[in-house]
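S.K.: When you get a sec, could you give me coordinates for this:
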Amino acid sequence: MNKFIAIGALALSLAGCGAPASIDKTQSATPTMNLEVDGQTVLTSLHPFYSSNILYVPARVLLEYYRCELKWNNSLKTLTLTDENNTNILLTGNEDMESPAILRNGHLYIPADSLNSLSGAEVQLNTANTVLMVTSGSVSTTVRVPREPLALADGNNEVKLYAALKEGETYKGYILEVNGERHTFPWEGPRLPMNPPQLYYADIDEDGQAEAIVVLTNGTGTGIVAQELHVIKPQQWQEITVPTAEQAVAANVTTSVTKNKDELLLSLELKGSTPSSVSLALPGLGENVDDNQQPGMGAVTYYTVEAGKLKAETSVNLGFFSIGTLKLVYKPRGIGMELETLEFVPNEEYAAYVQPGK
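M.R.: Residues are numbered from 1 along each chain as shown. Just a heads-up that it's a prediction; the model follows:
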């Protein structure tokens, strides 16, 4: 997606977009207002103001959450916004516009409503009408660390995770804070407001010092949950090696599938510190599964920390059928982690088909 809307849309956006309900445009006078972008005060010498019941903001506020260059042409009454990929012109001074951009004391101001059309940013006044809060939107790039973290560690508010940079729908880099110290990591991931990062702080490698465990959700969908795991030793800001759930399962699970008419026999051999075997005789699935079909594992994966143990759960599927879940528990090994135990738990509807003695 282009970072800036096309010129026609820009002109239209300045011609009087509907204001968010949170902004009372019926007021003709308010106390001096300050600007905040992503929770931080900006442009302290420039203030929003009302003119003819239109709320205006300095055009320079765009620089606070866009990596771009602004250039004003006083003769043509145009403002050029240039970034590394695109150039668009914001028309100003057009008398046909209901809400034209205006100059005041040598600074260009644009209607606050236009911030949303231009960049996807949301604007809202605080209850005292003294602060205009701008939250950079889905096509914005934040060039600062937001004041509010994306995640706090479970049970420890001194361990926090921030986005180092957000560009479009992607977080580009994360900042981990532990007891007031910060370090940036180059991990990338999508911005999923309904699935924010998870953060834990526990001594999972049993060395007497807690690790920060970061779980990022990289995608969700029908039958799919993709999570990414990072374990950091904050004393050295070092990431330790942990096999993903898929890697651990691939190295420690052997499967076989045989068919007898419409019945399907699924067998799993599980390694780990307590090896085990599981077999399920699944009636009716033989007709719906190819002869050479092998179980798929890892389509739905979750990581968590419980009682100081790093754990994971990952799905077992046959074609479109979810059969059960593999539950993993990790243990320390050298300067990293490895699989300790592995258990298969069938879904409730298939529990009755587990073979006796298996």
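
S.K.: rest of the way, CA atoms for contacts and neighbours
M.R.: OK.

S.K.: Adjacent strands (with direction) for the longest strand along the chain?
M.R.: With DSSP state E setting the assignment, residue counts place strand 321-333 as the longest strand in the chain. For strand 321-333, the pairing partners within the sheet under DSSP bridges are strand 309-318 (antiparallel), strand 336-346 (antiparallel).

S.K.: Give me the pLDDT for residue 269.
M.R.: pLDDT, the model's per-residue confidence, is 93 for residue 269.

S.K.: Oh, that last question was meant for residue 332, not what I typed.
M.R.: As summarised for this prediction, residue 332 has a pLDDT of 96.

S.K.: Are we agreed that residue 352 is in a helix?
M.R.: Yes: secondary structure assignment (DSSP: H, G, I helix; E, B strand; the rest coil) places residue 352 inside a helix.

S.K.: Break this structure down into its domains, please.
M.R.: If the domains of the chain are taken from automatic domain parsing, they occupy 7-136, 145-239, 245-353, with pieces of a single domain joined by a plus sign.

S.K.: Same list (those domains) but as JSON lines, adding mean neighbour count.
M.R.: As requested, those are arranged in JSON lines below (neighbours: other Cα atoms under 10 Å):
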{"stretch": "domain 7-136", "mean neighbour count": "17"}
{"stretch": "domain 145-239", "mean neighbour count": "17"}
{"stretch": "domain 245-353", "mean neighbour count": "17"}
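
S.K.: between the ones you listed, which has the poorest average model confidence?
M.R.: Per-stretch averages of pLDDT across the domains of the chain put domain 7-136 at the bottom, with a mean of 70.

S.K.: who wins for proximity to residue 46 among the strands paired with strand 321-333?
M.R.: Comparison of the strands paired with strand 321-333 against residue 46 by Cα to Cα identifies strand 309-318 as nearest, at 50.0 Å.

S.K.: For residue 242, list the residues it contacts.
M.R.: By Cα atoms under 8 Å, 6 or more residues apart in numbering, residue 242 lies in contact with 230-231, 336-338.

S.K.: Farthest pair within the residues you listed?
M.R.: Within the contacts of residue 242, 230 and 338 form the most distant pair, 13.8 Å apart (Cα to Cα).

S.K.: returning to what we had before: and the contacts of residue 242 as JSON lines, adding distance to residue 268?
M.R.: Putting the contacts of residue 242 into JSON lines (distance: Cα to Cα, whole Å) gives the following:
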{"residue": "230", "distance to residue 268": "29"}
{"residue": "231", "distance to residue 268": "29"}
{"residue": "336", "distance to residue 268": "27"}
{"residue": "337", "distance to residue 268": "24"}
{"residue": "338", "distance to residue 268": "20"}
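
S.K.: Show me which of these is closest to residue 218.
M.R.: After measuring the contacts of residue 242 against residue 218 - Cα to Cα - the closest member comes out as residue 230, at 13.0 Å.

S.K.: Quick check: that closest one is in a helix.
M.R.: No: the secondary structure assignment for residue 230 gives strand rather than a helix, going by three-state DSSP.

S.K.: ranges for the helices of the stretch 201-350 of the chain?
M.R.: In chain order, the stretch 201-350 of the chain shows helices spanning 245-252, with DSSP state H, counting those that start in this stretch as the criterion.

S.K.: now swap in the stretch 1-150 of the chain and tell me
M.R.: All helices of the stretch 1-150 of the chain, identified by DSSP H, counting those that start in this stretch, fall at 7-13, 114-119.

S.K.: right, and residue 268 touches residue 294 too?
M.R.: No: at 10.9 Å, residue 268 and residue 294 do not qualify as touching, with contact defined as Cα atoms under 8 Å.

S.K.: if I look at those two, which residues touch both of them?
M.R.: Here residue 268 and residue 294 have 255-256 as joint contacts, going by Cα under 8 Å, 6+ apart.

S.K.: what's across from residue 315 in the sheet?
M.R.: Residue 315 has these beta-bridge partners by DSSP bridges: residue 325.

S.K.: Next up, the contacts around residue 240.
M.R.: Contacts were defined as Cα under 8 Å, 6+ apart; by that measure residue 240 touches 230-233, 335-337.

S.K.: Format the residues you listed as JSON lines; extra columns: distance to residue 251.
M.R.: Formatted as JSON lines, the entries for those read as follows, by distance: Cα to Cα, whole Å:
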{"residue": "230", "distance to residue 251": "20"}
{"residue": "231", "distance to residue 251": "21"}
{"residue": "232", "distance to residue 251": "24"}
{"residue": "233", "distance to residue 251": "26"}
{"residue": "335", "distance to residue 251": "20"}
{"residue": "336", "distance to residue 251": "17"}
{"residue": "337", "distance to residue 251": "14"}
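
S.K.: Cheers, nothing more for now.
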